[in-house]
Structure formats: structure tokens, C-alpha cells
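Participant: heads up, no residue letters with this:
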Ligand SMILES: O=C(CO)[C@H](O)[C@H](O)COP(=O)(O)O
């Protein structure tokens, strides 16, 4: 079955019924466009494909489109599998809900392509991620992928990351006081916020990640040197991972707008991974 034929069987992006919330429509538009542009051509490889599925509200539509594609391929009796690797509990559910095959990173350490959301992206596709507290697995999956594609709505495109969002930092629970103190000592002159994320109405006490850790949300203001800041932070004992994703293999980002357009940024990755 040719890719053009598969594409012609899919719901046409231009004709999708509008969702009640224009923001949701913009997320769906970005996701469908990204999947059609970057995933469909991989089908010509005629082998099993391993796809990372990120976390958040935008990737819901990535999983939906992948599920639709899988359903069409199944009808043509393809012998090849699409194995989806989740970045957390929510994305595991998305994979299952869309009748996609669930895999894990231990069994499939080489991922062909990952689609994930972002809290903020600068023009070089340096990102802040972790709004959903899944940053550790998101970084692991994105670093294990040959190609990393971001899907987001228009609010996420900024000139400098850190403009609006704090950086989520995952810490071992017993270290949160130490880490907080170290952050104040090292970055006190620029810190605008530094607090352990709370569960709010849904949970008394801190948010606990899929790895059993806490998240400290730290606002450093505008981040102009993401790699340097990440490297400084990761040296602090207790910090497991930071939500700063300096671009190494992010090839493209798709930002959906509520007027039905998608802005894409495509760049050459700064590093090539040998897997
Ligand atoms: O990093 C994430 C979760 O840890 C998400 O990808 C990020 O928060 C974006 O989410 P959304 O698509 O809901 O805007």
C-alpha cells in the first residue's frame, strides 16, 4: 500500500470538523500535520517502526492520528508493527486507548521518531518541558530517538525559554530541602520562584512523578544559555533531571493556531546520535 494511498484513506486535515475549543483544534492541527509529515514517509522503510509518544494534552492527537494510520495499515494486512514507547502513565494510556502496540524503552532502546509537546520553545527549538511532571522519561525517550518532533499550540512559541514558564526540576524526595538551598545559594540573584509543586485539590502534598520523585518549579527568568544552565543544575546532588531540553536532535516543531494555520520551524539538529 503506497503512502499516498494511506494518506488518501485518512481523514483530511482540511476537512476535520472544528472542535468546540479553538485551542484544541490548534493542538490537533499541529499534531496531525506533524505525524503526516514525519511519520508517514517512514512507512516506506518496510520494517517495524518504533515511535515515542510524549505526554500532555497535545500528544493526545498524535496518538489519535497514529491509531487512525495503524487501522488503515491493518486493513491492508501489513506485516509490520508500529511499536509505541510511552513517556509516562498518561501516554501509556493514550497508546492503549488508540489500539496501538505498547512497547518499553528497555526492549526498544532505539526509537525511530518521537512526538512530544512543550511548555516553551525558542526559535532554535530549545525547550522547557515537564509541565505534566514527565520530564525524566520525556528526556530519556527523546534522547533515544533518531528524530524528535515537537507539537504544540501557538502559546508555546517564545523568543527565550523561561519567559513565562518555570523550569520543572525532578528531585529525589529526601533531597528537596538541600536542592532548594543550593538553588538559592547558586542562583539567588536571578531566582523569581522556587517551590515544590503541590498536588492542589487533587492531592494533599507534593506531586509525585512516575518515578516516585518530587518536582521543584524554578523560575530563572529568560534563559539565554540553556545548555550551560542545565549543566550547572544537574551537578547538584538530588537533581535527577531538569526540564531544560537544549536542542540536540529536535528537527522540527509544529505550532497550531486557532485560525486553522500551522507554523512550523525546521532546523538542522546540532548533534547526530550514534545509536
Ligand atoms: O512536558 C510535558 C509533560 O511533562 C508536556 O509535553 C508539556 O507540558 C506540554 O503539554 P501540553 O501539550 O498539554 O501543552
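Facilitator: Sure, I can see it. Please read all numbers here as calculations on a predicted model, not as lab measurements.

Participant: and residue 46, how many neighbours does it have?
Facilitator: Applying other Cβ atoms under 10 Å, we find 9 residues neighbouring residue 46. All C-beta spots, glycine's among them, are computed from the backbone N, C-alpha and C.

Participant: Let me fix that, I meant to ask about residue 184.
Facilitator: 12.

Participant: what secondary structure does it sit in?
Facilitator: helix (DSSP: H, G, I helix; E, B strand; the rest coil).

Participant: Show the contacting residues for it.
Facilitator: 191, 194 (Cβ atoms under 8 Å, 6 or more residues apart in numbering).

Participant: how close does it get to residue 195?
Facilitator: 12 Å (Cβ to Cβ, to the nearest Å).

Participant: same question, residue 125
Facilitator: In terms of Cβ to Cβ, residue 125 sits 28 Å off from residue 195.

Participant: Which of those two has more residues huddled nearby?
Facilitator: Neighbour totals were compared for residue 125 and residue 195, and residue 125 leads with 25 against 13 (other Cβ under 10 Å).

Participant: Got phi/psi on residue 23?
Facilitator: When read as degrees, to the nearest 10, the backbone of residue 23 gives phi -70, psi -40.

Participant: And for the residue positioned nearest the centre of the chain, nearest residue in space, chain neighbours not counted?
Facilitator: Nearest to the mean C-alpha position of the chain, by Cα atoms, centre = their mean, lies residue 116 at 2.5 Å. Of all residues not flanking residue 116 in the chain, residue 54 sits nearest, at 2.7 Å (Cβ to Cβ, 6 or more residues apart in numbering).

Participant: For the one you found, grab the count of nearby residues.
Facilitator: By other Cβ under 10 Å, neighbour count at residue 54 equals 30.

Participant: Let me see the backbone angles for it.
Facilitator: Given degrees, to the nearest 10, the pair of backbone angles that residue 54 has is phi -80, psi -160.

Participant: helix, strand or coil for residue 151?
Facilitator: strand.

Participant: likewise residue 259?
Facilitator: Assignment for residue 259 (three-state DSSP): coil.

Participant: any idea how far it lies from the ligand?
Facilitator: 19 Å (Cβ to the nearest ligand atom, to the nearest Å).

Participant: Now do the same contact list for residue 224.
Facilitator: Residue 224 neighbours (Cβ under 8 Å, 6+ apart): residue 160.
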